[in-house]
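K.L.:
Got a predicted structure here, sequence first:
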Amino acid sequence: MGGRTMIKAAAVLITLGYCSLLVYQGGATYNSIESRPGQVNSIGSIESRPGHMHLVEFDNVLLKTLSSGQNKTKTEVSETDENNSKKKPIKVLQLTESNDGLLVKPILSEFNNKGENKIVLSDIFISVKTSTAYENTRLPIILKTWFQLAKEQIWFFTDVANATQQRMAGGHIISTKCHQGHQLLPLCCKTAQEYDTFLKSGKKWFCHFDDDNYVNVPQLVKVLQRYDPQKDWYLGRNSISYPLKMGKTISKKKRLYFSFMFATFGAGVCISRSLALKMIPIASANRFIGLCHRIKMPDDVTMGYIIEVLVKQKLTIVPEFHSHLENLKTMNPETFRDQISLSYSSDNTVNVSGFDNVTDPTRIYSLHCTLFPYFDICRNRDTIPLPPTPTRRPKKRKKKIKLNEKMYYYKYQRKRTPRESDEDEDSPVNAYRNVTTSKID
């Protein structure tokens with residue numbers, strides 16, 4: 001009996017020793033200048049020995065660490081590509097002493113000497129919500145103008161994709177199979193798919209625009225460089241100057257009220273990836289549609305409700321966003337280059353010189369050529385597609401019902417409110433009433 005116990009104990013010890021050896025040799029692969037081993041665990045802590053330098057690859061970043069017995073260790077970081085051929089000392093990591101060794105706290109965002117975040121165009125996911133109702137009016141304007149500035153970053157979300165425009169957009173039109181129209185559920189359905197597509201892209205910023213927006217893409221990148229995508233940012237422009245108040249019934253005698261601000265989608269909204277990840281339990285996998293239906297609010301209001309009320313992150317107002325709700329005609333044309341987005345409507349367009357109103361009724365082509373005059377449409381007017389002539393549906397003629405004198409009396413005269421002219425017996429109204437009533441009698 002004692003022999004079996006000894007054998008079991010030895011087997012357990014051998015198993016534990018083998019597992020500890022695997023853990024010791026596992027983790028993350030790295031290259032060390034000296035052959036002494038170190039360990040990198042899943043949270044990025046480095047078990048190092050004083051006086052030795054290690055080269056550790058952490059999240060595609062090469063850490064050049066000189067360990068010491070002090071509490072803090074300076075770390076030089078170089079950005080590396082897949083072949084580890086190019087190294088640019090642009091990132092900074094701070095290593096602090098802990099019980100498990102040195103804890104790496106990566107600042108994944110890159111900053112230049114001016115303190116601006118080194119965001120590039122490829123870090124931004126730009127979504128444009130459109131519909132088949134505007135595939136011949138609004139969408140061709142975008143494809144000819146600011147889509148050319150960021151062909152790989154812009155994605156269109158529509159009901160059903162048009163084959164011709166799909167080729168013009170390079171396959172960047174996504175058919176959401178949502179219902180057509182500008183009602184609550186179709187809007188929320190498309191926004192939910194925009195959000196889920198952004199999460200799969202791995203980009204640092206999620207920026208939404210409508211199909212009646214013009215986006216100055218270089219200025220968008222420049223403004224986003226002021227903000228760290230690893231922090232929670234909700235950037236946009238409010239359409240109302242006061243917080244929106246909503247209520248929730250808790251019981252028959254108790255109702256909870258709360259207020260929040262929201263950024264209108266008509267001007268454009270940008271959300272950092274850190275904030276988007278916190279919204280996953282609430283907004284991902286079509287949960288956004290259900291919340292829209294539950295609070296009975298549009299997609300931009302629902303987005304503000306999720307971020308400000310549920311996630312507890314305030315809206316940061318960026319004045320460079322503009323929508324058609326503003327008076328665009330009063331804007332100074334000299335400031336157009338500093339704006340992120342502009343818009344248009346039938347009677348509200350920017351005041352910019354360029355093409356005539358027949359060729360460019362929305363003034364978007366003229367605005368684009370003012371900012372970027374090297375495009376072909378600016379040098380050759382014939383490349384601009386003429387706006388389609390609006391087709392009016394024939395009105396259905398209502399059937400005229402002949403009213404006899406008795407029906408006329410009960411429909412108009414009986415419920416008619418008295419007027420001042422009724423006091424005058426010679427008035428036309430009074431005379432006509434006397435005639436009709438006498439015939440009925």
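P.N.:
Thanks, I have the structure now. Treat the numbers as computed from the prediction; the structure is a model and nothing was measured. Numbers count the residues shown, from 1 in each chain.
K.L.:
Now the helix or strand where Leu275 lies: buried residues?
P.N.:
Taking DSSP states H and E as the definition, Leu275 sits inside helix 273-278. For helix 273-278, a neighbour-count test (16 or more other Cβ atoms under 10 Å) marks Arg273, Leu275, Ala276, Lys278 as buried. No exception for glycine: its C-beta is placed from N, CA and C like everyone else's.
K.L.:
Adding pLDDT and distance to Phe265, write the residues you listed out as TSV.
P.N.:
Output for these, formatted as TSV (pLDDT from 0 to 100; distance: Cβ to Cβ, whole Å):
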residue	pLDDT	distance to Phe265
Arg273	96	19
Leu275	96	16
Ala276	96	16
Lys278	95	20
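K.L.:
Pick the one among these closest to His208.
P.N.:
Ala276 (11.4 Å; Cβ to Cβ).
K.L.:
in what helix or strand does the residue nearest to the closest one when sequence neighbours are not counted lie?
P.N.:
Once flanking residues are discounted, Ala276 sits nearest to Phe206: 5.7 Å by Cβ to Cβ, 6 or more residues apart in numbering. Assigned by DSSP H and E, Phe206 falls within strand 205-210.
K.L.:
then the helix or strand containing Leu220 to PDB, C-alphas only?
P.N.:
Using DSSP H and E, Leu220 falls within helix 217-224. Taking Å, rounded to 0.1, in the frame of the first residue of the first chain, the C-alpha atoms of helix 217-224 are listed here in PDB:
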ATOM      1  CA  VAL A 217     -10.000  63.600 -45.700                       C
ATOM      2  CA  PRO A 218      -6.600  65.200 -45.000                       C
ATOM      3  CA  GLN A 219      -8.200  67.500 -42.500                       C
ATOM      4  CA  LEU A 220     -10.000  64.500 -40.900                       C
ATOM      5  CA  VAL A 221      -6.600  62.800 -40.400                       C
ATOM      6  CA  LYS A 222      -5.100  66.000 -39.000                       C
ATOM      7  CA  VAL A 223      -7.800  66.500 -36.400                       C
ATOM      8  CA  LEU A 224      -7.800  62.800 -35.300                       C
END
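K.L.:
And that helix, what's buried?
P.N.:
Going by neighbour count (16+ other Cβ under 10 Å), the buried part of helix 217-224 is Val217, Gln219, Leu220, Val221, Val223, Leu224.
K.L.:
can you check stretch 198-210 too?
P.N.:
For stretch 198-210, a neighbour-count test (16+ other Cβ under 10 Å) marks Phe198, Leu199, Lys203, Lys204, Trp205, Phe206, Cys207, His208, Phe209, Asp210 as buried.
K.L.:
Contacts for the strand holding Phe206, please.
P.N.:
Strand 205-210 is contacted from outside by 119, 123-130, 191, 194-195, 198, 215, 220, 224, 229, 265-266, 268-273, 276, 341, 343, using Cβ atoms under 8 Å, 6 or more residues apart in numbering.
K.L.:
From those residues, which land in helices?
P.N.:
When DSSP state H is applied, those are split such that Thr191, Glu194, Tyr195, Phe198, Leu220, Leu224, Arg273, Ala276 fall in helices.
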